[in-house]
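[1] I'll drop the sequence and a predicted model, then ask my questions.
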Amino acid sequence: MTANDSTQHAQATDQTTAEPVAFDYANASYNAQLEQKKTTTTQQFADFDAPELVVFESPAKHYRMRAEFKIWHQGDRCDYAMFKPGTPKQTYTLEQFPAASATINQLMPVLLAKINANELLKRKLFQCEFLSSTKGECLITLIYHKPLSDEWQTLAETIASQLGCHIIGRARKQKRVLSRNWVLEELTINKQVYAYEHVEASFTQPNAKICTDMLTWSQAYTQHNGGDLLELYCGNGNFTLPLAKNFDRVLATEISKSSVDSAKRNMARNAITNIEFARLSSEEFTQALEGLREFRRLKHLALESYNFSTVLVDPPRAGLDEGTLDLINRFEHIVYVSCNPDTLHRDLLVLRNTHTIEQFALFDQFPFTHHRECGVILKRQ
């Protein structure tokens, strides 16, 4: 439920309406939709000999740490706008977004009033993005169809100071970072606090409560595995940091350079010393581990010295490619976190030939949507 239109300014032909779209964020409605997700997941994976599904629920409101809005211009003012569910070419304007964090909802009307009060800030603004943390920090990105001048920056700096937030301005081939491009998030996993920088325009888990549940769950079910951990698709080190305490060494790979850089800073911020990060795709790492290719980015590592007992994968919606699937089924323990139950089901049809499902979890990352996040713990037969 995000608005994401980075190509053109909202025009009247977009069929935008000022009529609000009603969403029921009541706990009773939430519980009903979560029960439906539980039933759907249980039925979808009924052909596997899996334990009873463990369900992790989200708050019904204020669960999203980030949100994106189109900007709808009409007359002398502009408003936040979002796509209507099920109608991708129709949008509606809104003043508040209950799914977003309390911090975002507090800032939305104040920011909009200041934008509407100044023609320079308002003109050709077409998107607004919020990235917040559970500690109350917020980074706002304003995206324009015009060059951003020094005068714009001075005005934006004043607003950032008044709102107590960070602001970034973006335009074609232009980016103005007024203070910093990240917020600091702190998550408590089994009584230990982990600090993460969440960088603008980089992937981070949107639901902080569910993220905490996933990290606690995965840490609990790997605490006795021993040996070393291989993590593919590690992002900014979200899983890597809390799981590192369970292993002698960790080797984590990620294709995005900005995410790897962020992961390294997060490791240093948390004074963790047993992790090595490598900027490789899962396919490339498979080739390296099998000796098919050499990579300069691995020159400082002796892959043969690792005693891998466990692999953690958190792939994109497409799931695992054939080579990576073949690689991970050699491990004693597998932690598979999936944002797509369909590709998870497909991959488990292969993995069940060598592994047994020990734990199966449903994480309700996006309430009131069809989205289901799953986690599976597997052990070699």
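    Received, thanks.
[2] helix or strand with the lowest mean pLDDT in this protein?
    Ranking every helix and strand in the chain by mean pLDDT, DSSP states H and E puts strand 87-94 at the bottom, with a mean of 84.
[3] packing partners of it?
    In terms of contacts (3 or more Cβ pairs under 8 Å, 6 or more residues apart in numbering; DSSP states H and E), strand 87-94 is packed against strand 66-74, strand 77-84. Just so you know, the C-beta spots here come from the backbone N, C-alpha and C atoms, and that holds for glycine as well.
[4] which one of the ones you listed has the lowest average pLDDT?
    Lowest mean pLDDT of those: strand 77-84, a mean of 93.
[5] list the helices and strands that one packs on?
    So strand 77-84, by 3+ Cβ pairs under 8 Å, 6+ apart, packs with strand 66-74, strand 87-94, helix 102-116.
[6] low-confidence stretches in this protein?
    The chain contains residues with pLDDT under 70 at 1-23, 88.
[7] and the helices in it?
    Per DSSP state H, the chain carries helices over the ranges 27-44, 102-116, 119-122, 150-163, 208-220, 240-243, 257-269, 282-289, 322-328, 341-351.
[8] hang on, the earlier thing: now the helices and strands packed on strand 77-84 in TSV, with mean neighbour count and distance to Lys379?
    Shown next, in TSV, are these (neighbours: other Cβ atoms under 10 Å; distance: least, Cβ to Cβ, whole Å):
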stretch	mean neighbour count	distance to Lys379
strand 66-74	21	35
strand 87-94	16	42
helix 102-116	17	41
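[9] of these, which is nearest Tyr30?
    Closest of the helices and strands packed on strand 77-84 to Tyr30 is helix 102-116, at 17.0 Å (criterion: Cβ to Cβ).
[10] what's next to the closest one, contact-wise?
    Under the contact criterion Cβ atoms under 8 Å, 6 or more residues apart in numbering, helix 102-116 has outside partners 62, 64, 67, 76-80, 95-98, 100, 121-122, 125, 128, 130, 132-133, 136-138, 140, 142, 159, 162-163, 165.
[11] starting at the chain centroid, how far to stretch 280-295?
    26 Å (Cα atoms, centre = their mean, to the nearest Å).
[12] ok, now stretch 185-198?
    15 Å.
[13] could I get the helices and strands packed on strand 77-84 as TSV with distance to Asp24?
    TSV is the format used below for the helices and strands packed on strand 77-84 (distance: least, Cβ to Cβ, whole Å):
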stretch	distance to Asp24
strand 66-74	19
strand 87-94	15
helix 102-116	17
